[in-house]
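A.B. asks: Pasting the sequence and the predicted model now:
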Amino acid sequence: MPTRRQFLVLSSTAALTGLLSETPASAAAETAQPYASYWHPATILDWDPATDRDARYNRSTVPLARRVVPARPANAHAHPNEARVQALVAYAPTSGNPAQGALDMNYYATNYWQYIDELVFWGGSASEGLILAPNPTVTDAAHRNGVKVIGNVFLPPTAYGGQIQWVRDFVRREGDRFPVADKMVQVARHYGFDGWFLNQETAGGNTQLANDMRDFIVYLKKSGLRVIWYDAMTDSGSVSWQNALTARNRMFFEPSDEMFLNFWWSASGLQNSAALARQMGRSPYDLASGVDVEANGYNTGVSWASVFPENQPHVTSLGFYRPEWTFKSAASPADFYARDNRFWVGQNGDPANTATTSSWKGVAHYVTELTPITSLPFVTNFNTGHGRKFAVNGTVRSTQQWNNLSLQDVLPTWRWSVSGTGTKVTPSLDWDDPYDGGTALKITGTPQQANDVRLFATSLAVTGTTQFEVVHRTGTGPSRLQAVLRFGTTERVLDLGGVSGAWRRSVFPLGEHSGATLTEISLRVLPGAAVTALIGRIGVTNPVMTGPAAPTNLAVEQVSRTDATTASARLTWTRSPNVRQYRVYKWTGTERIFLGGTANDAYFVPAIPLASGETAQIEVEAVSEAFDVSPPARISITGTP
């Protein structure tokens with residue numbers, strides 16, 4: 001299948017001849033840096049989290065959030081509760097993939113989660129490894145947004161180094177057990193992700209191997225993990241892409257949760273596939289019609305009407321292969337965000353207005369957004385999970401570039417939907433002046449009439465103690481900002497006015513709405529002179545009298561010298577209950593320097609300013625979902641030559 005070469009192999013720069021010198025994450029004995037895990041079928045059998053020194057650093061701890069359809073969806077054309085969206089994303093090469101982010105903002109910071117149902121952690125190569133566990137950072141961010149994360153199994157074509165023996169090793173039985181499946185269950189449970197994508201494209205199989213693969217899926221499914229099958233292997237054991245659900249591949253779809261259909265589908269093929277799925281007692285939305293966007297992104301030609309016929313129910317779900325094109329093709333972070341917005345929302349940049357002559361109208365034109373904001377507390381700092389600096393409560397604590405999706409907040413549901421006629425304000429995400437994290441919401445322009453910037457769809461039950469807060473700053477003039485909270489058909493308008501050259505926190509009790517459900521949060525910009533406003537935080541909370549408990553048993557697992565003035569370290573601790581994340585600092589005696597953060601109980605600190613012989617005090621604090629902070633736990637590290 002040469003036209004699908006990008007799908008078939010991710011990391012092909014090394015020789016693809018057999019099992020070469022594999023370097024799993026656990027083999028990094030001389031460095032502190034932990035890496036994401038990967039294996040061949042034979043090597044995964046030796047994996048043990050008790051002996052893998054990186055296993056603790058690869059765990060996700062964020063539970064899968066519940067999501068709902070907004071009370072007022074943005075786009076009347078889109079359908080709720082029909083087609084789902086899969087995204088097959090390659091975040092990094094198979095090997096050498098840092099487990100917990102890195103000191104570089106150039107990263108595919110996935111942030112249109114509201115249109116994604118499942119994210120497949122794509123990757124694998126014959127020379128490195130075929131079974132990939134997702135980074136915990138990706139799982140943390142996805143779960144916070146209610147999106148399932150799926151590990152990947154890539155059994156490659158022989159032209160790309162695939163060996164039929166690897167397939168046999170994969171489905172090998174021991175009595176009534178499949179040892180590789182047992183290990184895959186153990187990996188998913190330990191690392192905290194949701195299932196596995198099985199992509200078997202190695203030629204040379206037979207009917208027995210096909211039957212073994214089906215039985216493997218049945219066995220794996222008993223664990224409760226999700227299983228997605230890729231349309232390649234058939235009932236004869238040969239590889240023959242059907243581009244549809246047919247009699248040749250239904251034996252694999254039947255025990256699986258979903259099947260990703262190869263890219264060469266047709267309208268009639270999808271209709272027949274949907275009909276066969278129904279005959280099998282399955283939803284047609286358990287089939288994802290594959291669209292390869294790796295090369296051309298939103299310039300890819302797609303027969304949208306075959307999947308989403310006008311004025312009819314969706315035919316199948318949709319599967320995007322490599323939507324990180326928006327990042328790979330971008331010239332800058334701003335360009336990436338513009339491309340990502342066009343990919344998911346359309347060229348108008350407004351999920352409520354997808355009318356265009358362009359064939360690519362954006363996912364928002366077809367699929368209704370979902371919101372994970374369904375329980376208190378809800379607090380966002382508009383942190384995208386990467387940045388040029390890191391601020392804490394309005395003070396910049398690090399000027400080092402970074403990426404770490406574990407720290408990403410839930411971002412606005414609608415980007416960007418602004419009401420009004422004439423000249424309107426422009427919302428954007430700003431990396432220059434964050435309040436907490438790496439990004440703030442920026443609103444600029446000179447509105448000719450009041451503009452409502454719709455931000456968050458919510459489903460929050462309000463109590464007598466619930467309060468709403470906004471942290472914002474403006475230039476020298478009045479902010480002319482109001483918050484608009486919607487409770488069903490009732491609106492409450494809160495004035496945020498006043499000159500605010502510095503960050504200003506406004507808090508409003510919502511007790512009078514006790515028993516109601518908050519369904520929407522917007523910002524209103526009143527007309528007048530030009531506006532430049534930064535919004536650093538929005539929150540809906542039930543305040544508590546005490547913050548989270550500090551972590552206990554803080555320990556240094558390893559310190560490594562990076563250069564003459566910098567060291568790295570592995571830190572571990574015991575978790576406190578009800579913690580959103582932990583933040584790590586160096587205390588210099590006069591200031592705190594932010595070194596990184598995680599939702600986990602172990603963190604690799606990539607760069608600590610530390611001269612030879614210097615003793616540094618490291619502080620780790622717990623941060624709650626409401627961004628209340630614990631007292632710090634402290635430990636000292638001494639730099640060695």
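C.D. replies: Everything's here; your move.
A.B. asks: what is the rounded mean pLDDT of stretch 113-126?
C.D. replies: Stretch 113-126 shows a mean pLDDT of 97.
A.B. asks: Sketch out the strands for the stretch 301-450 of the chain, chain order is fine.
C.D. replies: 317-321, 378-380, 386-387, 390-392, 395-398, 402-403, 417-418, 426-430, 440-445 (DSSP state E, counting those that start in this stretch).
A.B. asks: what would these look like in CSV with mean neighbour count, mean pLDDT and distance to N211?
C.D. replies: In this view, the C-beta of every residue, glycine as well, is placed from N, C-alpha and C. Output for the strands of the stretch 301-450 of the chain, formatted as CSV (neighbours: other Cβ atoms under 10 Å; pLDDT from 0 to 100; distance: least, Cβ to Cβ, whole Å):
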stretch, mean neighbour count, mean pLDDT, distance to N211
strand 317-321, 25, 98, 26
strand 378-380, 22, 98, 49
strand 386-387, 26, 98, 46
strand 390-392, 23, 98, 53
strand 395-398, 16, 98, 56
strand 402-403, 25, 98, 44
strand 417-418, 22, 97, 52
strand 426-430, 20, 97, 51
strand 440-445, 22, 96, 55
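A.B. asks: As TSV, those strands with distance to T466 would be great.
C.D. replies: As requested, these are exported to TSV (distance: least, Cβ to Cβ, whole Å):
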stretch	distance to T466
strand 317-321	37
strand 378-380	10
strand 386-387	30
strand 390-392	25
strand 395-398	28
strand 402-403	33
strand 417-418	25
strand 426-430	26
strand 440-445	22
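A.B. asks: Just tell me which of the ones you listed ends up closest to A133.
C.D. replies: strand 402-403 (18.9 Å; Cβ to Cβ).
A.B. asks: That closest one - contacts with which helices or strands?
C.D. replies: Packing partners of strand 402-403 (3 or more Cβ pairs under 8 Å, 6 or more residues apart in numbering; DSSP states H and E): strand 386-387.
A.B. asks: In its sheet, which strands sit next to the strand it packs on, and in what direction?
C.D. replies: strand 402-403 (antiparallel) (DSSP bridges).
A.B. asks: one step back: L45 is nearest to which of the strands of the stretch 301-450 of the chain?
C.D. replies: Nearest to L45, of those and by Cβ to Cβ, is strand 317-321 at 29.7 Å.
A.B. asks: Only C-alpha atoms, please: export the closest one in PDB.
C.D. replies: The C-alpha coordinates for strand 317-321 follow below in PDB (Å, rounded to 0.1, in the frame of the first residue of the first chain):
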ATOM      1  CA  SER A 317     -18.200   7.900  12.600                       C
ATOM      2  CA  LEU A 318     -15.000   9.700  11.500                       C
ATOM      3  CA  GLY A 319     -11.400   8.800  12.000                       C
ATOM      4  CA  PHE A 320      -8.600  11.400  11.400                       C
ATOM      5  CA  TYR A 321      -5.100  10.100  10.700                       C
END
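A.B. asks: List the strands paired with that strand, with their directions.
C.D. replies: strand 85-89 (parallel), strand 287-292 (parallel).
A.B. asks: contacting residues around that strand?
C.D. replies: With contact meaning Cβ atoms under 8 Å, 6 or more residues apart in numbering, strand 317-321 is reached by 7, 83-88, 117, 122, 258, 260-261, 263, 285-294, 307, 363, 366-367.
A.B. asks: Just the buried residues of whichever strand or helix holds M213, please?
C.D. replies: Secondary structure from DSSP states H and E places M213 in helix 207-221. For helix 207-221, burial by neighbour count (16 or more other Cβ atoms under 10 Å) applies to 209-210, 212-217, 219-221.
A.B. asks: go on, stretch 94-108?
C.D. replies: So for stretch 94-108, counting by 16+ other Cβ under 10 Å, buried means 94-95, 97-102, 105, 107-108.
A.B. asks: so R492 sits in a helix?
C.D. replies: No. Assignment of R492 by DSSP: H, G, I helix; E, B strand; the rest coil gives strand, placing it outside any helix.
A.B. asks: Tell me if A274 really is in a helix.
C.D. replies: Yes. Assessed with three-state DSSP, A274 lies in a helix.
A.B. asks: shouldn't it be in contact with V315?
C.D. replies: Yes. Using Cβ atoms under 8 Å as the test, A274 is close enough to V315 to be in contact (5.2 Å).
A.B. asks: list the residues that contact both of these two?
C.D. replies: P284.
A.B. asks: Looking at the buried residues of stretch 94-108, spot the one nearest F252.
C.D. replies: T94 (24.5 Å).
A.B. asks: Kindly state the pLDDT recorded for the closest one?
C.D. replies: 95.
A.B. asks: what does V149 give?
C.D. replies: In this model, V149 carries a pLDDT of 98.
A.B. asks: what's the answer for the one 10 residues further on, then?
C.D. replies: Per-residue pLDDT puts A159 at 94.
A.B. asks: and it, that one's in a helix?
C.D. replies: Yes. Assignment of A159 by three-state DSSP places it within a helix.
A.B. asks: Please tell me how far it sits from K424.
C.D. replies: 53 Å (Cβ to Cβ, to the nearest Å).
A.B. asks: ok, these two, which is more surrounded?
C.D. replies: K424 (19 against 14; other Cβ atoms under 10 Å).
A.B. asks: mind listing what the more buried one touches?
C.D. replies: Applying Cβ under 8 Å, 6+ apart to K424 gives the contacts 418, 445, 447-448, 451.
A.B. asks: Figure out how far the helix holding M213 is from the centre of its chain.
C.D. replies: 30 Å (Cα atoms, centre = their mean, to the nearest Å).
A.B. asks: May I have that helix as PDB, with CA atoms only?
C.D. replies: Taking C-alpha atoms only, helix 207-221 is exported to PDB below (Å, rounded to 0.1, in the frame of the first residue of the first chain):
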ATOM      1  CA  THR A 207      -6.700 -18.800   8.500                       C
ATOM      2  CA  GLN A 208      -5.400 -20.200  11.700                       C
ATOM      3  CA  LEU A 209      -3.500 -16.900  12.400                       C
ATOM      4  CA  ALA A 210      -6.700 -14.900  11.700                       C
ATOM      5  CA  ASN A 211      -8.700 -17.100  14.100                       C
ATOM      6  CA  ASP A 212      -6.000 -16.700  16.700                       C
ATOM      7  CA  MET A 213      -6.200 -12.900  16.300                       C
ATOM      8  CA  ARG A 214      -9.900 -12.900  16.700                       C
ATOM      9  CA  ASP A 215      -9.600 -15.000  19.900                       C
ATOM     10  CA  PHE A 216      -6.900 -12.600  21.100                       C
ATOM     11  CA  ILE A 217      -9.400  -9.700  20.700                       C
ATOM     12  CA  VAL A 218     -12.100 -11.700  22.600                       C
ATOM     13  CA  TYR A 219      -9.700 -12.400  25.400                       C
ATOM     14  CA  LEU A 220      -8.400  -8.800  25.600                       C
ATOM     15  CA  LYS A 221     -12.000  -7.400  25.600                       C
END
